[in-house]
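Q: Fold the following, please.
(chains A and B)
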Number of protein chains: 2
Amino acid sequence: MTPPARSALGGGAEFDRIRRIVAALGERAGAVGDDCVILPEGTGSLVLSTDLSIEGVHFRTDWLSWREIGWRAAGGALSDLAAAGASTVGVLVSLGAPAAAPPEASVDLMRGVGDVTVSVGGVVLGGDLSRAQTWVINVTVVGRAIRPMRRAGARPGDGIWVSGTLGGARAALTSWLAGTPPAEGARRAFANPVPRILLGQRLAESGATAMMDLSDGLGGDAGHLAAASACRMAIDLARLPLHPDAAARGAVFAAQGGEDYELLATLPPGFSEETRVRIATETGVPLTRIGTVEEGRGVAFRHEGKEVTLSGYDHFA
Amino acid sequence: MTPPARSALGGGAEFDRIRRIVAALGERAGAVGDDCVILPEGTGSLVLSTDLSIEGVHFRTDWLSWREIGWRAAGGALSDLAAAGASTVGVLVSLGAPAAAPPEASVDLMRGVGDVTVSVGGVVLGGDLSRAQTWVINVTVVGRAIRPMRRAGARPGDGIWVSGTLGGARAALTSWLAGTPPAEGARRAFANPVPRILLGQRLAESGATAMMDLSDGLGGDAGHLAAASACRMAIDLARLPLHPDAAARGAVFAAQGGEDYELLATLPPGFSEETRVRIATETGVPLTRIGTVEEGRGVAFRHEGKEVTLSGYDHFA
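A: Reported below is the predicted structural model:
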């Protein structure tokens, strides 16, 4: 019931706005600052998150098919459940459709929502449909977790790990903005992100101390985890697993790319190579150690022997 | 897991669109057709609903204050919990704000969201904040119910009841559209709808057989309850409790006005006058019997000795 301390959120204009809202709400707000809302129930927790996608801000209708727009909006929201180590119950979808849009567009978009939701064990639970000036999709995800993960909890000495590869979605975006079609792998990373639901559950079971998903880019998101955990994240950019279509652009490009929807987790020193191999084999998703949690505050990115400052993507910058 | 039969939703272009989406989703969709999603947990149920409000479609920024816009968006969403007979846990709010809007607008809007949520025992659990071309507010409500109510369940012989008074919100809307400021009571009905959370719980406890909230107007909504319950609703418009500022315009005006957010409930023949008085006294909300459930299908509105056909508000009409 208590609003979080200022340090529980990282920097940026968007977070300044959220802080102002949380301060004004006072006791009308619950604990804000994680990807998900966590409500204890029985022996586990109910996990909820809500995610707004707006045409012209989060997606463009000339880059993606309707089905891909739906997949991506729901995939990004479901990724919050993965970050909490939760399993999927389902999604509630609000769709605002321009009056002039063909009905088939809404249907195809919702097919994409349904496909990604079913791919991680959930169903479309319900929703709301409205007329709108431009396309609006809000996805509320519902999951359950035995041991819900938060951004807070990383301890000095923990290893810092990421799943999959980074920079693919940004590579696609960069191509589109330059007027050239993206490479197929980059396009897929952008259009069809895979929520790491099973991986998130396995990491939670394996003793992960903190977890979040990379929606705004490692450059900004690592700072949020550091702030919530009140520790310092020392990250070696040379260790970053780069998406094949982002490899030529390097680690700084990948670290500042948003919407990879990979997991950033801190794992205790006892996390074994045997466990890593078992989880990577079961989930089909590589896990890479990129640094170590230290005493202190903030993020130290090491790049070519120097410490560099990186930022993430900010909707209000 | 099975999509509802065609008859589970009433008529109208909006519902035709929803039906097409549900058909395309197939097994990717849960049971759609109620105000809320109902998920069994322990001895009760978790109740969820999501509600999209868009500037220029659901509200105008020149009619209401920011705080009222927030109250109304969340109040309408919370009304779905009342319809399910649920208590309030809280709300998740997605806010899309124009980049040029003053930050204070978002803060005041969220104050209104917080005020109405706290007024019915909940908190703002979390949310999402984004840039947008026009204001967008999506509110997902979370509640719990011991005996969750649905639109299905009305039985021939049940009484048909409504809470509060009808037509106030439409009276305000009619004034604004005519370029005159609305009467204060009508304005309040439109700007600050009171979710009937406690009343919904009391009606569920008192054996209500079906329930919904009047968001699109009795003219359309009664048909949805009749369709879901596979029965006929015989309603006498002369019995409609009219909002004082709608009284001069009559029952047909009130029955076709949207967004009153009163409850429409069917109560078994054994529902006593003593119980009615007790509930009305405890909640401060009048309850009026307006008709009887019969064998058959559809809605029979009796008006000045004749049977009339009424419609509700349809976003895609």
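Q: quick one: which helix or strand includes A:Val162?
A: Per DSSP states H and E, A:Val162 falls inside strand A:159-163.
Q: any weak-confidence spans in the stretch 151-300 of chain A?
A: Along the stretch 151-300 of chain A, the model assigns pLDDT under 70 to no residue.
Q: Tell me which stretches of it form strands.
A: Assigned strands in the stretch 151-300 of chain A, in chain order: A:159-163, A:210-213, A:232-236, A:263-267, A:287-294, A:298-303 (criterion: DSSP state E, counting those that start in this stretch).
Q: elements contacting the fourth one?
A: Spelled out, that is strand A:263-267. Counting contacts by 3 or more Cβ pairs under 8 Å, 6 or more residues apart in numbering or on different chains; DSSP states H and E, strand A:263-267 packs against strand A:159-163, helix A:197-205, strand A:210-213, helix A:218-229. From N, CA and C alone the C-beta is placed, and that goes for glycine too.
Q: Put the alpha carbons of stretch A:29-41 into PDB.
A: In PDB, the C-alpha atoms belonging to stretch A:29-41 read as follows (Å, rounded to 0.1, in the frame of the first residue of the first chain):
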ATOM      1  CA  ALA A  29      -1.800   3.200  -5.100                       C
ATOM      2  CA  GLY A  30      -0.400  -0.200  -4.300                       C
ATOM      3  CA  ALA A  31       3.300  -1.000  -4.600                       C
ATOM      4  CA  VAL A  32       4.300   0.200  -8.100                       C
ATOM      5  CA  GLY A  33       7.600  -0.400  -9.800                       C
ATOM      6  CA  ASP A  34       7.700  -4.000 -11.100                       C
ATOM      7  CA  ASP A  35       6.700  -5.400 -14.500                       C
ATOM      8  CA  CYS A  36       3.900  -7.200 -12.800                       C
ATOM      9  CA  VAL A  37       1.400  -6.900 -10.000                       C
ATOM     10  CA  ILE A  38       1.700  -9.800  -7.600                       C
ATOM     11  CA  LEU A  39      -1.300 -10.800  -5.500                       C
ATOM     12  CA  PRO A  40      -0.800 -13.700  -3.000                       C
ATOM     13  CA  GLU A  41      -3.500 -16.400  -3.300                       C
END
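Q: ok, and does that stretch reach over to chain B?
A: Yes: contact of stretch A:29-41 with chain B (Cβ under 8 Å from any Cβ of the partner chain) involves A:29-30, A:32, A:34, A:36-37, A:39, A:41.
Q: Turn those residues into TSV, columns for pLDDT, distance to B:Ala255 and neighbour count.
A: Shown next, in TSV, are the residues of stretch A:29-41 next to chain B (pLDDT from 0 to 100; distance: Cβ to Cβ, whole Å; neighbours: other Cβ atoms under 10 Å in any protein chain shown):
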residue	pLDDT	distance to B:Ala255	neighbour count
A:Ala29	84	38	26
A:Gly30	78	39	23
A:Val32	66	41	19
A:Asp34	72	45	24
A:Cys36	90	42	29
A:Val37	92	38	26
A:Leu39	92	39	17
A:Glu41	85	40	13
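Q: So in terms of bridging, what pairs with the residue nearest the centre of chain A?
A: Centroid-nearest residue in chain A, with Cα atoms, centre = their mean: A:Asp213, separated by 3.2 Å. Beta-bridge pairing for A:Asp213 (DSSP bridges): A:Leu263.
Q: And it, how close does it get to A:Arg187?
A: Going from A:Asp213 to A:Arg187 by Cβ to Cβ, to the nearest Å gives 20 Å.
Q: try A:Ala154
A: Counting by Cβ to Cβ, the gap from A:Ala154 to A:Arg187 is 34 Å.
Q: Same drill for these two, tell me which one is more crowded.
A: Each of A:Ala154 and A:Arg187 has its neighbours counted (other Cβ atoms under 10 Å in any protein chain shown); A:Ala154 has more, 29 against 21.
Q: got the contact list for that one?
A: A:160, A:209-210, A:225-226, A:229, A:231, A:233, A:266, A:293 (Cβ atoms under 8 Å, 6 or more residues apart in numbering or on different chains).
Q: Pipe those into JSON lines and attach neighbour count per row.
A: Putting those into JSON lines (neighbours: other Cβ atoms under 10 Å in any protein chain shown) gives the following:
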{"residue": "A:Ile160", "neighbour count": "27"}
{"residue": "A:Thr209", "neighbour count": "21"}
{"residue": "A:Ala210", "neighbour count": "25"}
{"residue": "A:Leu225", "neighbour count": "26"}
{"residue": "A:Ala226", "neighbour count": "28"}
{"residue": "A:Ser229", "neighbour count": "23"}
{"residue": "A:Cys231", "neighbour count": "25"}
{"residue": "A:Met233", "neighbour count": "28"}
{"residue": "A:Thr266", "neighbour count": "29"}
{"residue": "A:Val293", "neighbour count": "25"}
